[in-house]
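J.: Have a look at this prediction, sequence included:
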Amino acid sequence: MSTVRLSPTSYVVLGMIALRGPSTPYDLKRAVGHSVGYFWNFPHAQLYSEPERLAAAGLLTLSVEDSGRRRRTYSLTDSGRDALRAWLASPTDEHFQMRDIAELKLFFNEVGEPGNVPTLATEQIKQHQERIAVYEAMVERFGGDPASRPRMITLELGLEMEYAALRFWTALAEGDLDRLRRARERSTATPGAPTSE
């Protein structure tokens, strides 16, 4: 097996195949769209090219149908599973990254028109409310399933982030960012205290 540099997308592919079993690139695209795609965004075209690269490196095996659509199905090799497990066990020293267009627009708001920020806040409130509804529906649907419990942890983190963003944009829309500051001060003075009023 040749040494290959693995990217986060490589680990997404390896991890999805580890969870789902043998998968076509289309299977991966659908699975990512209903799972990690909510919090890890990348061009889905990579789900068609990356499995081939990982197969060439010996981390996946490839089987192609003899007839019909000649679908390409990838399976995890022992080396692929070892690489995935080593990555999962390695320390994560990178700080949380967020690429949020709304936050970028907010940063440059003084260059725009005065009405842009309230409009942006209103749009963001709606988007975060919609995402919260999607996540809460997932909790309702899968929360009682013991097999889903390990993945529900990630969903809880997603909900916390969405609620935090909703609190921020709501306070901004209401012109009351001081309320958020006071709530933060109380929660740091009293660990475990709620962060909203």
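T.: Sure, I can see it.
J.: Please, where are all the helices along this protein?
T.: Assigned by DSSP state H, the chain shows helices spanning 8-20, 25-33, 46-56, 78-89, 101-107, 116-142, 149-173, 177-189.
J.: E50 versus the residue nearest the centre of the chain, what's the distance?
T.: With distances taken as CA atoms, centre = their mean, the chain has F39 as the residue nearest its mean C-alpha position (1.6 Å). Using CB to CB, to the nearest Å, F39 is found at 18 Å from E50. (C-beta placed from N, C-alpha, C; glycine too.)
J.: The closest residue to I125 other than its chain neighbours: what's it in contact with?
T.: The shortest distance from I125 to any non-neighbouring residue, by CB to CB, 6 or more residues apart in numbering, is to W169 (5.0 Å). For W169, the contact set (CB atoms under 8 Å, 6 or more residues apart in numbering) comprises A121, Q124, I125, H128.
J.: contacting residues around the second one?
T.: Counting by CB under 8 Å, 6+ apart, Q124 makes contact with A102, A165, W169.
J.: Let me know the closest of these to L88.
T.: Using CB to CB, A165 comes nearest to L88 of the contacts of Q124, at 27.4 Å.
J.: correct me, but L106 touches L120?
T.: Yes - taking CB atoms under 8 Å as the definition, L106 is a contact partner of L120 at 6.6 Å.
J.: Tell me the confidence at E197?
T.: You'll see E197 listed with a pLDDT of 49.
J.: Oh, that last question was meant for G144, not what I typed.
T.: Confidence for G144, expressed as pLDDT, is 85.
J.: number of nearby residues for it?
T.: 10 (other CB atoms under 10 Å).
J.: and if you look at A133?
T.: 11.
J.: can you pull the contacts of the residue nearest to E50 when sequence neighbours are not counted?
T.: Leaving aside its sequence neighbours, E50 sits nearest to V13 (CB to CB, 6+ apart; 5.0 Å). With contact taken as CB under 8 Å, 6+ apart, V13 is in contact with L28, L47, E50, P51, L54, L60, Y74.
J.: Thank you kindly, that will do.
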